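**Student:** I'd like to go over a predicted model; first the sequence, then the structure.
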Amino acid sequence: MNGKSASDRTLSREELETMVAEADTGGRKPTGAVARLIFVVAVTWSIFQLWYASPLPYMLGFGIISDNFARAIHLAFALFLAATTFPAFKSSPRDRIPLADWALAAGGVIASLYLIVFYRDLIQRPGLPTTADIVITVIGVLVLLEAARRAVGPAITVIAALMIAYMFAGPWLPGLLSHKGASLSRAASQMWLTSEGIFGVALGVSTNVVFMFVLFGTLLEKAGAGGYFIQLAFSLLGRYRGGPAKAGVVASGLTGMISGSSIANVVTTGTFTIPLMKRVGYSATKAGAIECAAGVNGQIMPPVMGAAAFLIAEYVGIPYSDVVKHAFFPAILTYGSLFYIVDIEAMKQGMRGLPVHRRHPLMTSLIRTLMGIAGFIVLCGIVYYGLGWMKDVFGGLASPIAAVLLAGAYVGLVAYRARHPDLPLDDPERGFVQVPDFGETARTGLHFLLPVGVLIWCLMVEELSPGLSGFWGTAALILLLLTQRPLTALLRGQRDLGAPWRQGWRELIEGLDAAGRNMTTVGIATATAGIVVGVVLLTGIGLVMTEIVEFVSSGNLIAMLVLTAAICIVLGMGMPTTASYVVVATLMAPVVVNLAAQNDLAVPLVAVHLFVFYFGLMADVTPPVGLAAYAAAAISGADPVKTGFQGFMYEIRTGLLPFIFIFNNALLMIDIPGPLELVFVLAASVLAMFTFVAATQNWLLVRNRWYETVALLLICFTLFRPGFWLDQISEPFVDRPAGSLMAVADQTSAGHALRLRIETQNIDGEDIQKLIRVDMGRGETGADRLKAAGLTLSTLGDKVSVANVRLGSTVAKNGILPGDTILAVTVPAERMSPYWFAIPAILLYILILLNQRRRRAAA
């Protein structure tokens, strides 16, 4: 190997595709009839999901599939493909399927479809399983655990197996861990025969939502959008210092929005950007680490967020559009700060940009860019308000009219593309690379934005269900995939339209196949995570985790959050995003909610779930297991452990944000009084993140002095948490008597928070106090808004207590129980704005900046 160690060898494209297949779609490649069978099963799964998500069954009056049946069919497909496409061991054959694997596949399908065949019998005897029910459950759980070991990895399999053991071993465990245990009959009902375990919320979200978005992303990639995004980012940023790395960050953000896999995201963009990064001066380790961090961060970028966004909406009980609103700004901060890290690394090395295909004067480029951005904003405004006006004027005809306008826009964009030659993909192995012209690159794929626009419009404006929105976005994308090449050929005057038409159909079928293969891991992961959920519901281990974390952290809130973050990283190691989130949200989110409430911190539930999600996701980059780091290192030729450590150092900034939005909810666009405060929050947060990066990278304009690093960290803290200093001289909240609760509720509008100090009991039966946040629902009066939020109160004289809590409401998830006593209602105190403390922080930053500028000039 020319003197290089194995860890320094870069992998070929075929080897990289094999790596992604081993992790995401299975490494087995049988031939002949078996290959055709697997292909047919995967395509059939995609077609089934399209039918299930579409409105056609309800419009035609047949083929309507209930949620319970759909989940069982979904898992049957996943178990079959897991057994047939993922080999049992490294030594297992790749070109054929052993008999044992066929038996495993059959067992999984039979156990899943049993719930459909005997559905009427099962609902007539709930909680009373027969011997056949128990046998089927045992077979189903064992097949699922083996499928999880193959398709997802040993981490989630071990966790699920330990949870099952804990469920049965409760009576023999000591102290807090002890519980009454479960019989085999009770376990069968909980795990397999009802929706409390494996067929619960996580598998439901995988069935109803995730598949459609994975299919959407797969078809978008088949249509050519992945390569388009990479080239677009490179044409925009390649001319600047560290340009390939900056292009990789932006391209990963664009592809990560629709990708469900960190590894696939790293490989998709990394095969192009990592060699270019190395060529302009980045070391192999840093090039891999940058792409690793960028690829992993794609999972926190709305609208898809590795499918976790839909699970967060289900677990928190808020609309999906609210999850996107809360998650968007932290994601932008994360990518913006990584962009800054890349620039700092380029400054350290004295790098320059790559040659430009067609260089325009700086002012011309700036004007064209600003005009493009302004034009896009104006276009968005016209579409938003224009369609809104159409809905008011035309009513039910607005949708057909909008579809015609969309078709016209599509034909126009393809016609614009057809007037110019296609841009060839740059080969990163060439010795000399030019940056293509941005305008020439952009015009080749503007039509790709239309299906994305349809998807986001349905989700955010029409507020359709995520599953139905995914269907309409996918339907638009299917039409694009089938017609873009024939239409382009027709507009270019080509006579032979058969070849491009056949290519479109071939890409569609391949996309349906790839989506089914890609969903195998997600389906198995969410089903296996359901075991954890089922055991938590059955045994109450969530309360035990709270007690353990509280004991280890000695009740200190910061120590508790650090410990929770570490546990989330460990639990997330070796698991895909969706499964990682389900496990950490089930086990650790209630811990953060309970302990924060006991420490007088009323944290929004969505902030808690984003906290555990962020740290569960960081396991993808954290050595020694970080899967994305291994994928990046395979491209760069660096050592994967060193790449993982360097990527983790870059990801520290991502790990900072969850701690910030636990204490400063404004980062999630929560509790912001008005537009002026919003501007303060955005500006202060951006500067705070940049100062944190400068401190951790030990570089602003030149290398920092030690006291400058300390000062930058202090500036960062002040800008992110300006209220901390004000809290030292003035209390942020004051307590009012419980008797004034209704008066305060009447003054609190829908969507705003009411903070209640309650007295309840812990797991040991001791009385404790908590500060609970209630996000008010819609209603005419305060009592109506409280009831809409899920809380009904009872007043007897001056005593106010909780009469009822609606199951599944955010109030219930925040830990309020019927019978709890309301001690006080906590309201914001009248005091000065905390952002006055930002002024000395900004002045100190300017002083450091000027000092470093003087040193750079002197050097």
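**Tutor:** Arrived safely.
**Student:** domain ranges for this protein, per the record?
**Tutor:** 9-202, 223-521, 560-727, 733-828 (automatic domain parsing).
**Student:** to Gly540, which of those domains lies closest?
**Tutor:** The minimum distance between Gly540 and those falls on domain 9-202, with 6.6 Å, by CB to CB. Bear in mind the C-beta positions are built from the backbone N, C-alpha and C, glycine included.
**Student:** where does pLDDT dip in the stretch 601-750 of the chain?
**Tutor:** Counting by pLDDT under 70, the stretch 601-750 of the chain shows low-confidence ranges at 624-626.
**Student:** would you state the strands of it in chain order?
**Tutor:** With DSSP state E, counting those that start in this stretch as the criterion, the stretch 601-750 of the chain has strands at 733-737.
**Student:** those helices in it, which residues are they?
**Tutor:** Taking DSSP state H, counting those that start in this stretch to define them, one finds helices in the stretch 601-750 of the chain at 605-617, 627-636, 640-663, 675-696, 706-720, 722-727, 741-747.
**Student:** same check, this time on the stretch 401-550 of the chain
**Tutor:** So, for the stretch 401-550 of the chain - with DSSP H, counting those that start in this stretch - the helices run 438-442, 449-456, 466-491, 498-539, 541-552.
**Student:** between the ones you listed, which one is closest to Val827.
**Tutor:** Of all the helices of the stretch 401-550 of the chain, the one in closest proximity to Val827, counting by CB to CB, is helix 541-552 (27.8 Å).
**Student:** show me what secondary structure element comes after the closest one.
**Tutor:** helix 557-572 (DSSP states H and E).
**Student:** what are the contacting residues of that following helix?
**Tutor:** Residues outside helix 557-572 that contact it (CB atoms under 8 Å, 6 or more residues apart in numbering): 159, 549-550, 552-553, 580, 583-584, 587-588, 591-592, 595-596, 599, 601, 611-612, 615-620, 622, 655, 658-659, 662.
**Student:** cutoff 7 Å now
**Tutor:** Contacts to helix 557-572, defined as CB atoms under 7 Å, 6 or more residues apart in numbering, come from residues 159, 549-550, 552-553, 580, 583-584, 587-588, 591-592, 595-596, 599, 601, 612, 615-619, 622, 659, 662.
**Student:** what does stretch 445-459 give?
**Tutor:** By CB under 7 Å, 6+ apart, stretch 445-459 touches 216, 220, 223-225, 228, 303, 320-321, 406, 409-410, 413-414, 417, 464, 466, 469-470, 472-473, 476-477, 480, 484.
**Student:** can you do 6 Å?
**Tutor:** Outside stretch 445-459, the residues that touch it by CB atoms under 6 Å, 6 or more residues apart in numbering are Ala225, Tyr228, Tyr410, Leu413, Val414, Leu464, Ser469, Trp472, Gly473, Ala476, Leu477, Leu480.
**Student:** format those as CSV; extra columns: pLDDT and distance to Asp735.
**Tutor:** Converted to CSV, the contacts of stretch 445-459 look like this (pLDDT from 0 to 100; distance: CB to CB, whole Å):
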residue, pLDDT, distance to Asp735
Ala225, 83, 55
Tyr228, 83, 57
Tyr410, 90, 59
Leu413, 88, 59
Val414, 90, 64
Leu464, 81, 43
Ser469, 87, 44
Trp472, 92, 49
Gly473, 90, 49
Ala476, 93, 54
Leu477, 93, 54
Leu480, 94, 58
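**Student:** now, which of those sits nearest Leu791?
**Tutor:** Nearest member of these to Leu791, counting by CB to CB, is Leu464, at 28.9 Å.
**Student:** which phi and psi values does the closest one adopt?
**Tutor:** In terms of degrees, to the nearest 10, the main-chain angles of Leu464 are phi -70, psi 170.
**Student:** and if you look at Gly127?
**Tutor:** According to degrees, to the nearest 10, Gly127 has phi 80, psi 0.
**Student:** any weak-confidence spans in the stretch 1-150 of the chain?
**Tutor:** 1-27.
**Student:** mind listing the strands for the stretch 151-300 of the chain?
**Tutor:** Under the criterion DSSP E, counting those that start in this stretch, the stretch 151-300 of the chain carries no strands.
**Student:** re the thing from before, please identify the deepest-packed of the domains of the chain.
**Tutor:** Greatest average neighbour count among the domains of the chain goes to domain 560-727 (a mean of 22), per mean count of other CB atoms under 10 Å.
**Student:** now the end-to-end length of it.
**Tutor:** By CA to CA, to the nearest Å, the extent of domain 560-727 from end to end equals 21 Å.
**Student:** in CSV, list the domains of the chain along with distance to Asn851.
**Tutor:** Formatted as CSV, the domains of the chain follow (distance: least, CB to CB, whole Å):
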stretch, distance to Asn851
domain 9-202, 42
domain 223-521, 17
domain 560-727, 8
domain 733-828, 39
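**Student:** out of those domains, flag the one nearest Ala527.
**Tutor:** For those, the distance to Ala527 is smallest for domain 9-202, at 5.1 Å, taking CB to CB.
**Student:** turn the helices of the stretch 601-750 of the chain into CSV, columns for distance to Ala287.
**Tutor:** Listed next are the helices of the stretch 601-750 of the chain as CSV, based on distance: least, CB to CB, whole Å:
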stretch, distance to Ala287
helix 605-617, 22
helix 627-636, 5
helix 640-663, 9
helix 675-696, 18
helix 706-720, 25
helix 722-727, 37
helix 741-747, 56
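**Student:** ok, which of these comes nearest Val393?
**Tutor:** The nearest among the helices of the stretch 601-750 of the chain, by CB to CB, is helix 675-696 at 30.2 Å.
**Student:** only C-alpha atoms, please: export the closest one in CSV.
**Tutor:** The C-alpha trace of helix 675-696 is given here as CSV (Å, rounded to 0.1, in the frame of the first residue of the first chain):
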residue,chain,number,x,y,z
PRO,A,675,-40.2,41.9,17.8
LEU,A,676,-37.5,44.2,19.4
GLU,A,677,-36.7,41.4,21.9
LEU,A,678,-36.6,38.9,19.0
VAL,A,679,-33.9,41.1,17.3
PHE,A,680,-31.9,41.2,20.5
VAL,A,681,-32.1,37.4,20.9
LEU,A,682,-31.0,36.7,17.4
ALA,A,683,-28.1,39.2,17.3
ALA,A,684,-26.8,38.3,20.8
SER,A,685,-27.0,34.5,20.1
VAL,A,686,-25.1,34.8,16.8
LEU,A,687,-22.3,36.8,18.4
ALA,A,688,-22.3,34.5,21.4
MET,A,689,-21.8,31.4,19.3
PHE,A,690,-19.1,33.1,17.3
THR,A,691,-17.2,34.1,20.4
PHE,A,692,-17.5,30.5,21.7
VAL,A,693,-16.0,29.2,18.5
ALA,A,694,-13.2,31.7,18.7
ALA,A,695,-12.5,30.7,22.3
THR,A,696,-12.6,26.9,21.7
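**Student:** who's in contact with that helix?
**Tutor:** Contact with helix 675-696 is made by 333, 337, 340-341, 652-653, 666, 672, 700, 709, 712-713, 715-716, 719-720, 835, 838, as judged by CB under 6 Å, 6+ apart.
**Student:** how about Val34: what's its closest non-neighbour residue?
**Tutor:** Take Val34 and drop its neighbours on the chain: the residue closest to it by CB to CB, 6 or more residues apart in numbering is Ile97, 6.0 Å away.
**Student:** how about the residue nearest to Ala602 when sequence neighbours are not counted, secondary structure?
**Tutor:** Spatial nearest neighbour of Ala602, chain neighbours left out: Arg773 (3.7 Å); criterion: CB to CB, 6+ apart. When classified by DSSP: H, G, I helix; E, B strand; the rest coil, Arg773 comes out as strand.
**Student:** adding distance to Thr44, write the helices of the stretch 401-550 of the chain out as TSV.
**Tutor:** Below are these laid out as TSV (distance: least, CB to CB, whole Å):
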stretch	distance to Thr44
helix 438-442	38
helix 449-456	23
helix 466-491	16
helix 498-539	8
helix 541-552	39
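**Student:** quick one: which of those helices is nearest Val267?
**Tutor:** Nearest of these (CB to CB): helix 498-539, 13.1 Å.
**Student:** the closest one - contacts with which helices or strands?
**Tutor:** Under the contact criterion of 3 or more CB pairs under 6 Å, 6 or more residues apart in numbering; DSSP states H and E, helix 498-539 touches helix 32-53, helix 67-85, helix 131-151, helix 154-169, helix 201-205, helix 211-223, helix 466-491, helix 577-587.
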